[in-house]
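**Q** I would like to see how this sequence folds:
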Amino acid sequence: MDPVQTDSVSAAELLRVFMPGASNTAVRTPHDAPRLIQHPRLSLQRRAPSTLRRHLARAVGRFAVLLTADLAAFAILRELYRSVGEEALLGDWLSNTVQQLLPAGYLDGWQYALALVLGLIVTGNYGAGDRRRDAARLFWGCALATALPLWAPLWHRGLGLVAAQYSVTTAVVWLGIVAIRFGIDAVDAGIVNRTPASARTLLIGAARECANLASRPAFAPRGDHLVLGVVDTAATPNPRALGGLSDLPMLIQEHRIETVVICGHLSDVELHDVVEQSITAGCHVFSVPRTFEVAGVQPSVVWKRAQPLVELTAQTLKAQQFAIKRVADVVGATLGVLLLAPFLLAVAAVIKLDSRGPVLFRQRRTGIGGRPFLILKFRTMADGADALKPALTHLSASHDPRIFKMPNDPRVSRVGRWLRRWAVDELPQLWNVLSGEMSLVGPRPFVETGFEAYQSHHFSRLGAKPGITGLWQVRRSSDTVDFEEVITLDAQYIREWSLLLDLKILLLTIPAVIRGRGAA
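**A** Numbers count the residues shown, from 1 in each chain. So this is what the prediction gives:
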């Protein structure tokens with residue numbers, strides 16, 4: 001078994017390696033490992049989906065555990081209330097007091113459990129880092145949950161009694177939630193080995209600074225991070241480090257890195273490259289607090305075991321956003337197929353009657369992370385016309401190897417011209433959406449040519465699934481396909497994505513098609 005898959009580098013080992021007096025114990029290094037030869041940016045992007053899926057699985061698991069724990073805490077409090085308050089387990093006096101201070105309908109039913117979950121969600125108690133164990137934040141979540149049902153009783157019970165019931169209920173529930181949340185951490189630290197669920201992490205910076213950071217509780221064993229080693233920023237990397245900054249793309253690939261932590265000073269150019277390469281691969285990027293001026297990066301502070309880290313995000317869809325977008329795509333594509341089925345069958349029949357050949361045309365295109373897939377379209381050309389494309393390249397209106405666009409293409413059939421005019425030929429891509437290769441809305445899916453002419457920022461458009469329609473299709477400035485304009489609008493879409501933006505683009509696609517600017 002590959003030891004990289006099972007062994008982390010502890011803080012003690014890092015201290016021994018990089019601090020004065022450290023032992024000379026050898027640490028395995030990958031300097032002799034094969035380098036990425038072609039398109040390192042593209043290779044990183046192809047790793048991004050699997051990394052994002054692991055981030056999403058970790059977030060879903062965290063939410064499920066916390067939700068289960070909160071409901072368990074409420075269930076325990078509910079049984080205590082029934083035993084002490086309703087069944088007078090500890091005497092009539094305490095029973096009467098409990099029923100006076102804890103209003104009926106709160107802890108003896110599950111309605112309050114729903115209010116509690118909503119209150120904890122609104123106040124951010126299911127987030128990452130220290131938010132799940134922030135007692136003050138948990139208090140405000142419980143306070144909000146308790147306030148939700150009290151508006152009506154305020155008018156017929158009086159302010160004094162309702163205020164007392166509110167205070168006691170909030171305090172009791174808060175104590176129960178805090179106890180079980182911290183109990184989870186205690187069980188987690190003392191019994192459960194969390195290493196397989198921890199994020200595979202690289203520390204980037206001067207060796208001494210990385211060793212100091214690794215010794216802090218945020219990077220303790222069986223915690224949120226599995227530290228695999230250090231990327232030394234020195235001109236000549238320490239031989240016991242995993243490598244230098246130039247090795248980062250290879251190290252991310254080899255060690256299946258999910259999180260990168262910058263713990264030392266980097267120049268602006270170095271910081272830009274580290275952030276870009278890491279985010280391209282779908283990694284979470286953190287740093288010790290410092291000033292950031294990197295284009296497209298939005299810093300936010302995350303606390304982990306009282307250690308402040310700055311999370312750096314950029315123009316790429318996060319794991320949770322991918323999940324939400326996928327649900328919307330499946331629902332939308334399913335409705336589209338069901339509603340348009342008779343029309344699609346009619347179009348297929350017309351194509352079959354118009355010319356020989358298959359109804360559907362399949363072509364390799366680039367998807368998320370540069371992964372190839374077969375796009376589906378209604379055939380709009382004579383059968384076998386795609387084989388003639390190399391001979392017609394010189395007639396392309398753009399004269400750009402990354403884009404082939406020829407007006408009045410002689411290969412297009414009679415029916416094909418009508419299908420293209422109204423973008424009907426794109427409708428079979430609903431199946432690409434259902435199969436997970438495309439989205440209803442996203443960047444334009446280009447063919448697998450011209451990568452050698454791509455500049456670094458061009459690859460950013462591969463950070464999301466290609467779409468049947470997109471921002472470029474509804475906002476392009478002319479009928480001419482300009483590659484840089486495509487890149488700009490695709491990057492803007494990824495950076496500003498929301499369900500509302502997707503809905504807006506879908507609605508704007510209709511007038512764009514009418515104007516003759518369909519999927520193109």
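
**Q** which strands and helices sit next to the helix ranked longest in the chain?
**A** The longest helix of the chain (DSSP state H) is helix 40-81. Secondary-structure packing of helix 40-81 (3 or more C-beta pairs under 8 Å, 6 or more residues apart in numbering; DSSP states H and E): helix 111-122, helix 159-190, strand 199-205, helix 248-255, helix 268-280, helix 319-354. Every C-beta, even on glycine, is put in place using the N, C-alpha and C of the backbone.

**Q** Among the ones you listed, show the one with the smallest mean pLDDT.
**A** Mean pLDDT values for these show the minimum at helix 159-190, a mean of 76.

**Q** any idea how far Leu66 is from Val60?
**A** The span separating Val60 from Leu66 equals 11 Å under the rule C-beta to C-beta, to the nearest Å.

**Q** Check Gly336 too.
**A** Gly336 is 37 Å from Leu66, by C-beta to C-beta.

**Q** next one: Met438
**A** According to C-beta to C-beta, Met438 stands 34 Å off from Leu66.

**Q** Among these two, which residue is more densely surrounded?
**A** Met438 (26 against 20; other C-beta atoms under 10 Å).

**Q** Next up, the contacts around that one.
**A** Gly367, Phe373, Ile375, Gln429, Asn432, Pro445, Lys465, Pro466, Gly467, Ile468 (C-beta atoms under 8 Å, 6 or more residues apart in numbering).

**Q** same check, this time on Leu101
**A** For Leu101, the contact set (C-beta under 8 Å, 6+ apart) comprises Ala164, Gln165, Val168, Thr169.

**Q** now do 6 Å
**A** Contacts for Leu101 (C-beta atoms under 6 Å, 6 or more residues apart in numbering) come out as Val168.

**Q** Got the confidence number for it?
**A** 70.

**Q** Return the backbone torsion pair for Asp224.
**A** phi -70, psi -20 (degrees, to the nearest 10).

**Q** That one: neighbour count?
**A** 19.

**Q** With Ala57 instead?
**A** Counted with other C-beta under 10 Å, residues neighbouring Ala57 total 12.

**Q** contacting residues around Phe63?
**A** Phe63 touches Tyr126, counting by C-beta under 6 Å, 6+ apart.

**Q** What confidence value was assigned to it?
**A** 86.

**Q** ok, now Ala520?
**A** Ala520 is given a pLDDT of 50.

**Q** One more: Arg371?
**A** Arg371 is given a pLDDT of 83.

**Q** tally of neighbours for it?
**A** Per other C-beta under 10 Å, the neighbour tally for Arg371 reads 15.

**Q** In contact with the closest residue to it other than its chain neighbours, which residues are there?
**A** The shortest distance from Arg371 to any non-neighbouring residue, by C-beta to C-beta, 6 or more residues apart in numbering, is to Arg46 (6.0 Å). The contact partners of Arg46, by C-beta under 6 Å, 6+ apart, come to Gly369, Gly370, Arg371.

**Q** from the residues you listed, which single one is nearest Ala341?
**A** Nearest to Ala341 among those: Arg371, at 28.9 Å, using C-beta to C-beta.

**Q** re the thing from before, just the ones of the contacts of Met438 in helices?
**A** Gln429, Asn432.

**Q** Would you mind finding the most buried of the helices and strands packed on helix 40-81?
**A** strand 199-205 (a mean of 24; mean count of other C-beta atoms under 10 Å).

**Q** Check which helices and strands the helix or strand that that one is followed by sits against.
**A** Next along the chain after strand 199-205, taking DSSP states H and E as the criterion, comes helix 207-214. With contacts defined as 3 or more C-beta pairs under 6 Å, 6 or more residues apart in numbering; DSSP states H and E, the packing partners of helix 207-214 are helix 11-18, strand 225-232.

**Q** Quick one: mean pLDDT for helix 207-214?
**A** For helix 207-214, mean pLDDT rounds to 84.

**Q** circling back: look up how far Gly264 lies from the residue nearest to Arg371.
**A** Taken as C-beta to C-beta, the span from Arg46 to Gly264 is 29 Å.

**Q** same thing with Val441?
**A** Counting by C-beta to C-beta, the gap from Val441 to Gly264 is 40 Å.

**Q** So which of those two has more stuff around it?
**A** More neighbours surround Val441 than the other of Val441 and Gly264, with 30 against 21 (other C-beta under 10 Å).

**Q** mind listing what the more buried one touches?
**A** Here Val441 is in contact with Gly467, Thr469, Gly470, Asp502, Ile505 (C-beta under 6 Å, 6+ apart).

**Q** Just send those back as a markdown table, with distance to Ala349 and neighbour count too.
**A** Conversion of those to a markdown table gives the following (distance: C-beta to C-beta, whole Å; neighbours: other C-beta atoms under 10 Å):
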| residue | distance to Ala349 | neighbour count |
| --- | --- | --- |
| Gly467 | 28 | 28 |
| Thr469 | 25 | 26 |
| Gly470 | 30 | 27 |
| Asp502 | 32 | 23 |
| Ile505 | 31 | 22 |
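
**Q** Which of these fall within strands?
**A** Among those, the members found in strands (DSSP state E) are Gly467, Thr469.

**Q** Looking at the contacts of Val441, which is nearest Arg515?
**A** Checking the contacts of Val441 against Arg515 by C-beta to C-beta gives Thr469 as the nearest, at 13.5 Å.

**Q** partners of that closest one in the sheet?
**A** Val441 (DSSP bridges).

**Q** Might one say that it is in contact with Leu508?
**A** No - using C-beta atoms under 6 Å, Thr469 makes no contact with Leu508, being 8.5 Å away.

**Q** where exactly do the helices run in the stretch 401-520 of the chain?
**A** Applying DSSP state H, counting those that start in this stretch to the stretch 401-520 of the chain gives helices spanning 414-421, 429-434, 471-475, 483-495, 499-514.

**Q** export these to CSV and tack on mean pLDDT?
**A** Output for the helices of the stretch 401-520 of the chain, formatted as CSV (pLDDT from 0 to 100):
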stretch, mean pLDDT
helix 414-421, 86
helix 429-434, 95
helix 471-475, 87
helix 483-495, 84
helix 499-514, 86
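
**Q** Quick one: closest of those to Val274.
**A** Here helix 483-495 is closest among the helices of the stretch 401-520 of the chain (C-beta to C-beta), at 19.5 Å.

**Q** Check which helices and strands that closest one is in contact with.
**A** For helix 483-495, the elements it packs on are helix 471-475, judged by 3+ C-beta pairs under 6 Å, 6+ apart.

**Q** Mind listing residues that contact the helix it packs on?
**A** The contact list for helix 471-475 (C-beta under 6 Å, 6+ apart) reads Arg444, Val486, Leu489, Tyr493, Ile505, Leu508, Thr509, Ala512.

**Q** CA-only coordinates of the host helix or strand of Asn96 in PDB, if you can.
**A** Asn96 belongs to helix 92-101 when assigned by DSSP H and E. Coordinates of each C-alpha in helix 92-101 appear next as PDB, following Å, rounded to 0.1, in the frame of the first residue of the first chain:
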ATOM      1  CA  ASP A  92     -45.100  17.600  42.700                       C
ATOM      2  CA  TRP A  93     -43.400  20.900  43.600                       C
ATOM      3  CA  LEU A  94     -40.700  20.600  41.000                       C
ATOM      4  CA  SER A  95     -43.300  19.300  38.500                       C
ATOM      5  CA  ASN A  96     -45.500  22.400  39.000                       C
ATOM      6  CA  THR A  97     -42.400  24.700  38.800                       C
ATOM      7  CA  VAL A  98     -41.200  23.100  35.500                       C
ATOM      8  CA  GLN A  99     -44.600  23.300  33.900                       C
ATOM      9  CA  GLN A 100     -44.900  27.000  34.900                       C
ATOM     10  CA  LEU A 101     -41.500  28.000  33.600                       C
END
